[in-house]
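K.L.:
Generate a structure from the sequence data that follows.
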Amino acid sequence: MLHYAVVFFIIALIAAVFGFGGVAAGAAGIAKILFIVFLIGAVVSFLLSMGRRV
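P.N.:
Numbers count the residues shown, from 1 in each chain. As a prediction, this is how the structure comes out:
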């Protein structure tokens, strides 16, 4: 999932350089959502693994 967030971020940067503001904003929004979902999944996975060790 982090890979897709990075891909959409790169698409947003390239679109911004070429002047496609709407595409850049959309891709940046998708990248932000995917990154937040990745962070939530990573934290939940970390907490569940810590709970099983005890």
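K.L.:
quick one, what contacts the residue nearest to residue 2 when sequence neighbours are not counted?
P.N.:
Using C-beta to C-beta, 6 or more residues apart in numbering and skipping residues adjacent in sequence, the residue nearest residue 2 is residue 38, 4.9 Å away. Quick note: C-beta positions are derived from backbone N, CA and C, even for glycine. Shown in contact with residue 38 (C-beta atoms under 8 Å, 6 or more residues apart in numbering): 1, 2, 5.
K.L.:
Would you mind naming the helix or strand containing residue 38?
P.N.:
helix 21-53 (DSSP states H and E).
K.L.:
Centre of the chain to stretch 5-17, how far?
P.N.:
Put simply, stretch 5-17 sits 11 Å off its chain's centre (C-alpha atoms, centre = their mean, to the nearest Å).
K.L.:
Check stretch 47-54 too.
P.N.:
25 Å.
K.L.:
ok, now stretch 35-44?
P.N.:
Counting by C-alpha atoms, centre = their mean, stretch 35-44 comes out at 9 Å from the chain centroid.
K.L.:
if we look at the helix or strand encompassing residue 9, which residues are touching it?
P.N.:
Following DSSP H and E, one finds residue 9 within helix 2-17. For helix 2-17, contacts defined as C-beta under 8 Å, 6+ apart pick out 21, 23-28, 30-32, 34-35, 38.
K.L.:
switch to 10 Å and redo it
P.N.:
With contacts defined as C-beta atoms under 10 Å, 6 or more residues apart in numbering, helix 2-17 is touched by 20-39, 41-42.
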